[in-house]
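# Here is a sequence with its predicted model. Questions after.
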Amino acid sequence: MKLSNFISITALIISIVILWGLKEIIILFFGSIIIAMALCTITGKIRDFLHIPRWASLAIAIITIILISSISFVIIIPQFTSEFQELINQIPSAASKLWDLSINTFFNFAEIIYKDNIPSLADRSILSNKLSIIPDGTALASGITDSITKLISLVSNVGVGILQFIFIISVGLMITLQPNAYREVSILLVPSFYRRRARTILLKCGNALSSWMTGVLLSSICVAILASIGLYLLGIKLVIANALIAGVLNIIPNVGPTISTIFPLSVALLDAPWKSVAVLGLYVVIQNIESYVITPSIMQKQVKLLPGLTITAQFIFTFLFGPIGLLLAIPMAVVIQVFVKEILIHDILEKNYFAPKM
């Protein structure tokens with residue numbers, strides 16, 4: 001092996017090790033890029049609509065976001081916080097009730113099946129002894145409560161979370177102020193012969209992210225509205241909290257909608273068992289409407305991700321980066337797909353191997 005090749009391989013390995021050590025900073029920086037892309041998208045829409053300079057449209061975008069956030073904190077957040085706390089408190093009772101309902105159903109079936117042939121098995125005390133290896137409803141509810149408490153305390157470390165939030169917002173604003181300058185700096189890291197092509201690829205990544213963010217925002221709003229209407233018609237309590245949870249968790253495909261179903265099911269189960277079945281059916285209908293009606297109509301220009309790739313990306317990025325990796329898995333998958341399509345497939349495989357020889 002030549003000395004130059006050995007040095008190149010060594011430099012590559014050292015770079016990978018350094019990047020791995022900085023993976024938490026990298027994922028936070030990617031979150032800042034997402035924030036910057038969102039602000040740039042809103043700014044561009046305002047500039048095109050009002051025909052004003054970019055700095056004026058950016059100021060309008062930031063002021064509008066601050067006003068909406070302030071109104072949310074004053075009007076919506078207190079109500080949501082109160083209802084969410086009540087939701088958490090009701091989950092153990094719902095779990096206990098579900099356990100008791102399951103046991104009673106089991107006893108009823110046992111009595112129907114064995115009352116003629118084996119009467120002793122219909123005795124509930126005997127069946128209780130048979131089922132003694134399974135924890136009772138109180139233990140199950142306590143376990144669920146402890147798990148939720150530990151999960152919340154694990155995810156919401158206040159000090160670290162605030163610092164990460166400040167970092168993401170600050171860097172995102174800096175990138176938003178001068179997006180072209182940051183893009184050109186990144187392009188300088190690319191060999192000179194490929195810089196024009198790299199600029200095009202980065203623009204495509206930006207367009208894909210903007211399309212994804214616009215689509216997922218509209219989709220989440222529609223899901224929250226449908227959930228609030230459906231829960232209100234079914235007479236389920238804590239409509240605001242459940243609807244906002246459904247809208248926010250809709251950002252995380254596959255996992256988010258499943259988690260959002262737990263809370264209204266718990267409330268409905270404490271009210272009447274049939275309402276829990278109705279809530280489950282409601283959320284299934286909402287997710288089908290979101291998947292087959294809302295998403296196709298508002299995300300026509302979005303980069304299409306196959307369901308298998310979506311789940312794989314969520315698993316890999318959650319394993320590598322933790323909860324924030326799960327949250328950013330889809331936008332990262334969108335960017336990676338653009339890079340693979342444009343660089344690996346179009347520039348390397350097609351041109352080098354499948355293009356006609358001149």
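Great, that's in hand. Computed from a predicted model, the values in this text were never measured in an experiment.
# With just CA atoms, put stretch 259-270 into CSV.
C-alpha atoms of stretch 259-270 as CSV (Å, rounded to 0.1, in the frame of the first residue of the first chain):
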residue,chain,number,x,y,z
ILE,A,259,-49.0,6.4,21.3
SER,A,260,-51.6,9.2,20.9
THR,A,261,-54.4,6.6,21.0
ILE,A,262,-53.5,5.5,24.5
PHE,A,263,-54.7,8.7,26.2
PRO,A,264,-58.2,9.0,24.8
LEU,A,265,-58.7,5.2,25.2
SER,A,266,-57.9,5.6,28.9
VAL,A,267,-60.4,8.4,29.4
ALA,A,268,-63.1,6.5,27.4
LEU,A,269,-62.5,3.2,29.3
LEU,A,270,-63.1,5.0,32.6
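# Dihedrals phi and psi, Ala224?
phi -60, psi -40 (degrees, to the nearest 10).
# Neighbours of it, how many?
Other residues within reach of Ala224, judged by other C-beta atoms under 10 Å, total 21. Backbone N, C-alpha and C define where each C-beta goes, glycine included.
# so how far is Lys275 from it?
Taking C-beta to C-beta, to the nearest Å as the measure, Ala224 falls 20 Å from Lys275.
# Figure out the helix or strand that Gly256 lives in.
Secondary structure assigned from DSSP states H and E places Gly256 in helix 255-271.
# What is the subsequent helix or strand relative to that helix?
helix 273-289.
# now for that next one, which elements pack on it?
Identification of packing neighbours for helix 273-289 by 3 or more C-beta pairs under 8 Å, 6 or more residues apart in numbering; DSSP states H and E yields helix 195-234, helix 255-271.
# so of those, which one's packed in deepest?
Among the helices and strands packed on helix 273-289, the stretch with the highest mean neighbour count (mean count of other C-beta atoms under 10 Å) is helix 255-271, at a mean of 20.
# Give me the angle between that helix and helix 195-234.
Per axes from the mean of the first three to the mean of the last three C-alpha atoms, to 10 degrees, the angle that helix 255-271 makes with helix 195-234 is 10 degrees.
# ok, Ile175 touching Ser32?
Yes: using C-beta atoms under 8 Å, Ile175 makes contact with Ser32 at a distance of 6.4 Å.
# Assign Ile236 to helix, strand or coil.
Three-state assignment for Ile236 (DSSP: H, G, I helix; E, B strand; the rest coil): coil.
# For Ala243, see how far away it is.
Computed as C-beta to C-beta, the Ile236 to Ala243 distance reads 10 Å.
# Same question for Ile289.
15 Å.
# Between these two, which has more neighbouring residues?
Ala243 (24 against 14).
# Okay, now the unreliable bits of the stretch 201-350 of the chain?
Counting by pLDDT under 70, the low-confidence segments of the stretch 201-350 of the chain come to 296-307.
# Convert the C-alpha atoms of stretch 193-200 to PDB, please.
Provided in PDB are the C-alpha atoms of stretch 193-200 (Å, rounded to 0.1, in the frame of the first residue of the first chain):
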ATOM      1  CA  PHE A 193     -15.100  20.300 -10.100                       C
ATOM      2  CA  TYR A 194     -18.200  19.200  -8.200                       C
ATOM      3  CA  ARG A 195     -19.300  22.500  -6.600                       C
ATOM      4  CA  ARG A 196     -21.900  23.500  -9.100                       C
ATOM      5  CA  ARG A 197     -23.500  20.100  -8.900                       C
ATOM      6  CA  ALA A 198     -23.300  20.200  -5.000                       C
ATOM      7  CA  ARG A 199     -25.100  23.500  -5.000                       C
ATOM      8  CA  THR A 200     -27.900  22.000  -7.100                       C
END
